[in-house]
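**Q** can't give you the sequence, but here's the structure:
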């Protein structure tokens, strides 16, 4: 299903009030994301695998695999963006699908991925899901 937002104008005063309420709510949130120390205090970071071009967004499935989409270069007009699965135990890039470019004169721009409860993978791409 393709999502098409309805065009809607927002009055400047309404926008200002909404932003003020949003900022006021953000000020009440704790500055620490890990108040209960659920993240290990001495965690290490390492590279699992490298990809040919930059990736944006990542998600995981219930089997412990990671999924990442690759962005296309501006020179690759109309070319699809691959979505790869990476097995954490045996890291390699396995192509699971391609995100089509919006048209022949633009590039796809994946920004995030998520699975629904049924296991379907959704990809956010510019103004499309």
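**A** Thanks, I have the structure now. Everything numeric here is computed off the predicted structure, so don't read it as measured data.
**Q** in the protein, what secondary structure element scores lowest on mean pLDDT?
**A** Counting by mean pLDDT, DSSP states H and E, the weakest-scoring helix or strand in the chain turns out to be helix 12-27, with a mean of 41.
**Q** Please name every helix or strand in contact with the next helix-or-strand element following that helix.
**A** Scanning forward in sequence from helix 12-27 by DSSP states H and E, the next helix or strand is strand 59-60. Applying 3 or more CB pairs under 8 Å, 6 or more residues apart in numbering; DSSP states H and E, we find strand 59-60 packed against strand 65-69, strand 110-115. To be clear about C-beta, it is placed using only N, CA and C from the backbone, and glycine gets the same treatment.
**Q** Any idea which of these gets closest to residue 44?
**A** With CB to CB, the closest approach to residue 44 among the helices and strands packed on strand 59-60 belongs to strand 65-69: 17.8 Å.
**Q** Show me what that closest one pairs with in its sheet, parallel or antiparallel.
**A** Taking DSSP bridges as the criterion, strand 65-69 sits next to strand 59-60 (antiparallel), strand 81-87 (antiparallel) in its sheet.
**Q** ok, and what's touching that strand?
**A** Residues outside strand 65-69 that contact it (CB atoms under 8 Å, 6 or more residues apart in numbering) are 48, 51, 55-61, 81-88, 96, 99, 110, 113, 121, 123, 125.
**Q** next one: stretch 110-126
**A** Stretch 110-126 has contacts (CB under 8 Å, 6+ apart) with 56-59, 61-62, 67-71, 81, 83, 96-97, 99, 102, 108-109, 129.
**Q** So for that stretch, mean pLDDT?
**A** The average pLDDT for stretch 110-126 rounds to 88.
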